[in-house]
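# Prediction below, plus the sequence it came from.
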Amino acid sequence: MQRSSISKTWHMTLAMIAILALQGAAVLIAEDKAPEVPPKQGKSETIPLFNGKDLEGWEGHTELWSVKDGVIVGHNTEPVKVSTYLLTKRKFSDFRLECTVKLVESEMHSGIAIWGRNAPEFGDKYTYQGHLVMFPSGWGMYDLFRRNGLPVDGGPARKVGKQHDWNHLEILAQGNRVRLVANGSLVVDWRDPKPELVAEGPIGLQLHSNTVAQEVHFKDLVLTTFPEDKLITVKTDK
């Protein structure tokens, strides 16, 4: 074969490789781009999830969850083998949840689970499969017992979050979109690229699996069903 023919064949091969690479990149981009699922429609009502006195409307391990001085307390002294949750008996799809949370003891993160289900087959009567909005260690999001870590940057939340002090949170969950406001700053705005994994489910307060003692507090939990598409706790005077 003449040198010119070899050169021509080589350039054609390189061009074909480049086209295939671009096609592959286009497929990846298409797969990563999340569809914009609109908010669901329904009756909007504001519900205090916690009455400040007892755990009426919730279910979980009574030896791990209690109420003290108007605060829900999750506390363990013995190891927790599988992350366990205090779950609302009622299920929710689109909602705004405001609450104030505090990690008191340990450095392990806690979180609020949404859009999923109680999943005792994973080793605990009150564990959860679904989305987790994490705080304060390792702010971000997680998909429990499915995809694991989600591509949500925890950096913005770490700048405004408090490790062992009260943090005020606003979670706005609509369609396949989750927004999180921490202490007045919007720190997460993410759409799930797999909206088929978004489901009506209970709200879950997390006590993470751990071998050491932990304590986490929750208070002022107020939820609005089918809310206006608007964040209400973002501070505009920054």
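Great, that's in hand.
# quick one: buried residues of the helix or strand residue 172 falls within?
With elements taken from DSSP states H and E, the one containing residue 172 is strand 167-174. Across strand 167-174, burial judged by 16 or more other C-beta atoms under 10 Å covers 167, 169-174. The C-beta positions use only the backbone N, C-alpha and C, and glycine is treated the same way.
# Nearest to residue 98, out of these: which one, please.
Within the set of the buried residues of strand 167-174, residue 170 lies nearest residue 98; the separation is 5.2 Å, counting by C-beta to C-beta.
# For the closest one, name its beta-bridge partners.
Beta bridges link residue 170 to residue 98, residue 181 when assigned by DSSP bridges.
# how's the chain carved up into domains?
In the assignment given by automatic domain parsing, the structural domains of the chain cover 1-33, 46-225.
# Tell me the helix or strand right after the host helix or strand of residue 100.
Per DSSP H and E, residue 100 falls inside strand 95-105. Toward the C-terminus, strand 95-105 is succeeded by strand 110-118 as the next helix or strand (DSSP H and E).
# Could you tell me the angle between that next one and strand 95-105?
Using axes from the mean of the first three to the mean of the last three C-alpha atoms, to 10 degrees, the inter-axis angle of strand 110-118 relative to strand 95-105 is 130 degrees.
# Give me the sheet partners of strand 110-118 and which way each runs.
Strand 110-118 has its sheet partners listed here by DSSP bridges as strand 128-135 (antiparallel), strand 201-207 (antiparallel).
# Of the ones you listed, give the one that comes closest to residue 59.
Judged by C-beta to C-beta, the one of the strands paired with strand 110-118 that comes nearest to residue 59 is strand 201-207, at 8.6 Å.
# measure stretch 157-165 end to end?
Distance across stretch 157-165, first residue to last, is 14 Å (C-alpha to C-alpha, to the nearest Å).
# buried stuff in stretch 86-106?
Under the neighbour-count criterion of 16+ other C-beta under 10 Å, stretch 86-106 has 86-88, 92-99, 101-103, 106 buried.
# How many neighbouring residues does residue 213 have?
Neighbours of residue 213 under the rule other C-beta atoms under 10 Å: 13.
# so what's the nearest residue to it once chain neighbours are set aside scoring on pLDDT?
With sequence-adjacent residues excluded and distances taken as C-beta to C-beta, 6 or more residues apart in numbering, residue 213 is closest to residue 77, at 5.2 Å. Per-residue confidence at residue 77 stands at 97 (pLDDT).
# same thing with the one 3 residues further on?
Reported pLDDT at residue 80 in the predicted model: 98.
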